[in-house]
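J.: Next one to model:
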Amino acid sequence: MDIKLTEQEKIKILNSDDIYGIMQRILLRDNKIDQNREHFWVIGLANNNRILFIELISLGTVNATLVEPMEVFSFALQKRAVKIILCHNHPSGELKPSEADKDISDRLIQVGIIVDTEVVDHLIISDKSYLSFEDTGLLDELKKSTKYVPKYVLEQRLKKEAAEIAEKKKAIEIAKAFKRSGLDNELIAKNTGLTIEEVKKLRVKRS
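T.: The predicted model follows:
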């Protein structure tokens, strides 16, 4: 269900406070009976962080809601959103993320990478307060997870990392040779791609 927004609510999102202000109003204007159930919304953002849409994806029970990645991203792709914010309420008022909350976030983050629509935050809200995955560092933690990363993507990442390590080792050996010959640190950095700090830390015996 697409949430109808006023012109005042179609704002440019600068931080989690901005999105909570809107979502709190949406939560409070829902029917009283619905406030006793979990809602899961997706907020689509344009490249300049202006809100394109807010979509109610799922309406669950008092402590759970079912969320399918296809439902989350289909609307975002239709509306040309380049990034999304996830948001759901806890009727109990308890804002601590459950393992299920973390798991669905993990899954949606990985799907977002595949369809090139970044998940930039996940808010858990009540009528009085909220918790932001981005602000608490939980989003960055989940982005490092490989639980839902396809096998072929993991293999590509490992190959890329191995190539980068090999390239770095090669650059270090070349830099050491330059340093032994007395070449200036700045020139060494320029010709090897290493930073000045990395070059300065290299220890060599000059002939």
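J.: what ranges do the helices span in the protein?
T.: With DSSP state H, the ranges of helices along the chain come out as 16-29, 69-78, 99-114, 133-136, 138-143, 151-180, 185-192, 196-201.
J.: Export the fourth one to CSV, keeping only CA atoms.
T.: Same thing as helix 133-136. Output in CSV follows, covering the C-alpha atoms of helix 133-136 (Å, rounded to 0.1, in the frame of the first residue of the first chain):
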residue,chain,number,x,y,z
PHE,A,133,20.8,0.6,12.4
GLU,A,134,23.1,3.1,10.7
ASP,A,135,23.5,5.3,13.7
THR,A,136,24.4,2.4,16.0
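J.: now it, how far from the centre of its chain.
T.: 10 Å (Cα atoms, centre = their mean, to the nearest Å).
J.: what's near enough to touch the nearest residue to residue 135 once chain neighbours are set aside?
T.: Spatial nearest neighbour of residue 135, chain neighbours left out: residue 16 (5.5 Å); criterion: Cβ to Cβ, 6 or more residues apart in numbering. For the C-beta atoms, the positions are set from N, CA and C on the backbone; glycine is no exception. Going by Cβ atoms under 8 Å, 6 or more residues apart in numbering, residue 16 touches 121, 123, 130, 132, 134-135.
J.: For residue 167, state which of those is nearest.
T.: In terms of Cβ to Cβ, no member of the contacts of residue 16 lies closer to residue 167 than residue 134, at 32.3 Å.
J.: show me what contacts residue 120?
T.: By Cβ under 8 Å, 6+ apart, the contact list for residue 120 reads 45, 83-85, 134, 139.
J.: Please convert those to a markdown table, extending it with neighbour count.
T.: Listed next are the contacts of residue 120 as a markdown table, based on neighbours: other Cβ atoms under 10 Å:
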| residue | neighbour count |
| --- | --- |
| 45 | 23 |
| 83 | 19 |
| 84 | 27 |
| 85 | 25 |
| 134 | 16 |
| 139 | 18 |
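J.: from those, which two are the most distant?
T.: Maximum pairwise distance among the contacts of residue 120 (Cβ to Cβ): 14.9 Å, between 45 and 139.
J.: Please tell me how far residue 89 sits from residue 182.
T.: Look at residue 89 and residue 182: by Cβ to Cβ, to the nearest Å, they are 66 Å apart.
J.: List the contacts of the nearest residue to residue 149 once chain neighbours are set aside.
T.: Nearest residue to residue 149 in three dimensions, chain neighbours excluded: residue 110, at 5.7 Å (Cβ to Cβ, 6+ apart). Residues in contact with residue 110, defined by Cβ under 8 Å, 6+ apart, are 145, 148-149.
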